[in-house]
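Engineer: pasting the structure only:
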Ligand SMILES: [Zn+2]
């Protein structure tokens, strides 16, 4: 067992007691935090390694609870369109995906992982197809991830059989993996996944004891469909079908009717707010404040970077805080501590990892990041509290170190697991090939 002593000027644990140590220390043994506390010198014990991070702030790594990592390849391809409408998504993304080659995915995923690491994300929830091309890159990056096999079948029986078989094989392939969890990813219930597919997807999730990562209520399509066909809202219909009893990670939830919030709060359901994506797609602001007040678990995600166009979760926290204040016409409508909660524990809870990650506590995984306190944005520390600074004053470019499972993925601002220059060059090469195919 290898032990590492980490010291830093400030340790923000984001635990239930809001403990902050300044200066503070953590002891990491293999992949876990075994102790942490206020002293900069925890006795005269010897450790295998001692790392003094100096004027840096250590905090839990961020959880990006909704993205599609290969889609960095399409960054810039859908400007001026809304991917939140079926037509917008189909005409800008689906047509590109039709000429996409699976071998174009690895460089895109490597660049996405590099950008997430660089800006302080240690765990992400992904949804896409061709997972066999995604998994090796995520493994190499060292990030923790919940990877959902994306399914679009549009009522086509052959597509349904093919996609669900591929999803099952993918879930099988991750059995026993300590950092990667497999999820089932119906793109959108009722919209491009039929009721027949939904029943089979729930069965599959049960068989592998996992959850469903979906898009929900971006433009009201599900409610219109369910009102017409079943005479009730999509959430009430999902409840009747027994689907809400399964863990659901639902991106967006912009148009979910308020009457459904108590139902969502009673089930293992998480709304993932992706405000920058929703704003850029002119889709609207999710009723986040009311959902939180009703007791619905909330997480934060960037969505794909064709949409928004950045993986920086610090930016996402800032945009969400400001958007919610504007939506509610109330300053600090969602308090900064709760926005940080969404970006850490809210995501951890959604993925069933609340005992492992999401806060810095003894016994949890050593998934943490450090930010440079000598950079701009922090002062005056007597005026601006640290949660406000983290949400509104700094960005992911303040991140200097990233650790997952006790292993450095970023050290002093440099990637240790990804050759970013190579990944970027590879991405440019496959993007040029994609452009060529689109022109043909
Ligand atoms: Zn999405």
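Structural biologist: Great, that's in hand. On a predicted model such as this, the values are computed, not experimentally measured, just so you know.
Engineer: For the protein, what lies in contact range of the ion?
Structural biologist: Residues of the chain lying near the ion by C-beta under 5 Å from the ion: 251, 303. For glycine as for every other residue, the C-beta is placed from the backbone atoms N, C-alpha and C.
Engineer: so the residue nearest to residue 68 when sequence neighbours are not counted, which of the three states?
Structural biologist: Excluding its sequence neighbours, the residue lying closest to residue 68 (C-beta to C-beta, 6 or more residues apart in numbering) is residue 304, at 4.0 Å. Of the three states, residue 304 takes coil under DSSP: H, G, I helix; E, B strand; the rest coil.
Engineer: Show residues contacting stretch 90-105.
Structural biologist: Contact with stretch 90-105 is made by 70-71, 73-74, 77-78, 81, 83, 130, 132-134, 137, 306, 430, 433-434, 437-438, as judged by C-beta atoms under 8 Å, 6 or more residues apart in numbering.
Engineer: any idea which helix or strand carries residue 271?
Structural biologist: Taking DSSP states H and E as the definition, residue 271 sits inside strand 269-273.
Engineer: picking up where we left off before, for the residue nearest to residue 68, list the residues it contacts.
Structural biologist: Applying C-beta under 8 Å, 6+ apart, the residues near residue 304 are 67, 68, 71, 72, 74, 83, 277.
Engineer: rerun that using 7 Å as the cut-off
Structural biologist: For residue 304, the contact set (C-beta atoms under 7 Å, 6 or more residues apart in numbering) comprises 67, 68, 71.
Engineer: Same question for residue 19.
Structural biologist: Here residue 19 is in contact with residue 13 (criterion: C-beta under 7 Å, 6+ apart).
Engineer: what's the burial count for the residue of the stretch 101-250 of the chain found nearest the ion?
Structural biologist: The minimum distance from the stretch 101-250 of the chain to the ion, using C-beta to the ion, falls at residue 215 (5.5 Å). When neighbours are defined as other C-beta atoms under 10 Å, residue 215 has 25 of them.
Engineer: Confirm that it lies within a helix, as I assumed.
Structural biologist: No - per three-state DSSP, residue 215 lies outside any helix segment and is strand.
Engineer: wait, isn't it in contact with residue 187?
Structural biologist: Yes - the pair residue 215 / residue 187 is scored as a contact, 6.2 Å apart, by C-beta atoms under 7 Å.
Engineer: all helices for the stretch 1-150 of the chain, in order.
Structural biologist: Using DSSP state H, counting those that start in this stretch, the helices found in the stretch 1-150 of the chain span residues 86-89, 95-97, 105-118, 131-141.
Engineer: okay, these in a markdown table with mean pLDDT and mean neighbour count next?
Structural biologist: What follows is those, written out as a markdown table (pLDDT from 0 to 100; neighbours: other C-beta atoms under 10 Å):
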| stretch | mean pLDDT | mean neighbour count |
| --- | --- | --- |
| helix 86-89 | 83 | 16 |
| helix 95-97 | 89 | 15 |
| helix 105-118 | 98 | 25 |
| helix 131-141 | 97 | 19 |
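Engineer: So for residue 200, which of those sits nearest?
Structural biologist: Closest approach to residue 200 among the helices of the stretch 1-150 of the chain is made by helix 131-141 (17.7 Å; C-beta to C-beta).
Engineer: Tell me how far that closest one lies from the chain's centre.
Structural biologist: On the basis of C-alpha atoms, centre = their mean, to the nearest Å, helix 131-141 is displaced by 16 Å from the centre of the chain it belongs to.
Engineer: ok, and what's touching that helix?
Structural biologist: Identification of contacts with helix 131-141 by C-beta under 7 Å, 6+ apart yields 69-70, 102, 105-106, 109-110, 113, 117, 128, 145, 147, 149, 170, 180, 409, 417-418.
Engineer: quick one: that helix to helix 105-118, angle?
Structural biologist: With axes from the mean of the first three to the mean of the last three C-alpha atoms, to 10 degrees as the basis, helix 131-141 and helix 105-118 are set at 40 degrees to each other.
Engineer: ok, residue 329 - how many residues close by?
Structural biologist: 7.
Engineer: how much space between it and the ion?
Structural biologist: The gap separating residue 329 from the ion is 28 Å, by C-beta to the ion, to the nearest Å.
Engineer: Just the buried ones out of the contacts of stretch 90-105, please.
Structural biologist: Listed as buried from the contacts of stretch 90-105 are 70-71, 73-74, 77-78, 81, 83, 130, 133-134, 137, 306, 430, 434; burial here means 16 or more other C-beta atoms under 10 Å.
Engineer: list the contacts for the closest residue to residue 179 other than its chain neighbours?
Structural biologist: The shortest distance from residue 179 to any non-neighbouring residue, by C-beta to C-beta, 6+ apart, is to residue 144 (4.9 Å). Residue 144 makes contacts with 122, 123, 179, 367, 404, as judged by C-beta under 7 Å, 6+ apart.
Engineer: if you set the cut-off to 6 Å instead, what comes out?
Structural biologist: Residues counted as contacts of residue 144 (C-beta atoms under 6 Å, 6 or more residues apart in numbering) are 123, 179, 404.
Engineer: Same list, the residues you listed, but as a markdown table with neighbour count and pLDDT please.
Structural biologist: Converted to a markdown table, the contacts of residue 144 look like this (neighbours: other C-beta atoms under 10 Å; pLDDT from 0 to 100):
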| residue | neighbour count | pLDDT |
| --- | --- | --- |
| 123 | 28 | 98 |
| 179 | 18 | 98 |
| 404 | 26 | 98 |
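Engineer: So which of those residues belong to strands?
Structural biologist: Taking DSSP state E as the definition of strands, those contribute 123, 404.
Engineer: Tell me the one among the contacts of residue 144 nearest to residue 261.
Structural biologist: residue 123 (26.4 Å).
Engineer: what's the spacing between the residue lying closest to the closest one once chain neighbours are set aside and residue 190?
Structural biologist: Distance criterion C-beta to C-beta, 6+ apart; nearest residue to residue 123, sequence neighbours excluded, is residue 144 at 4.0 Å. Taking C-beta to C-beta, to the nearest Å as the measure, residue 144 falls 31 Å from residue 190.
Engineer: go on, residue 203?
Structural biologist: Separation of residue 203 from residue 190 (C-beta to C-beta): 18 Å.
Engineer: same thing with residue 432?
Structural biologist: For residue 432, the distance to residue 190 equals 38 Å [C-beta to C-beta].
Engineer: between the two, which one's more packed in?
Structural biologist: For residue 432 versus residue 190, neighbours defined as other C-beta under 10 Å are more numerous around residue 190 (21 against 9).
Engineer: The more buried one reaches residue 222, doesn't it?
Structural biologist: Yes - applying C-beta atoms under 6 Å, one finds residue 190 in contact with residue 222, separated by 4.6 Å.
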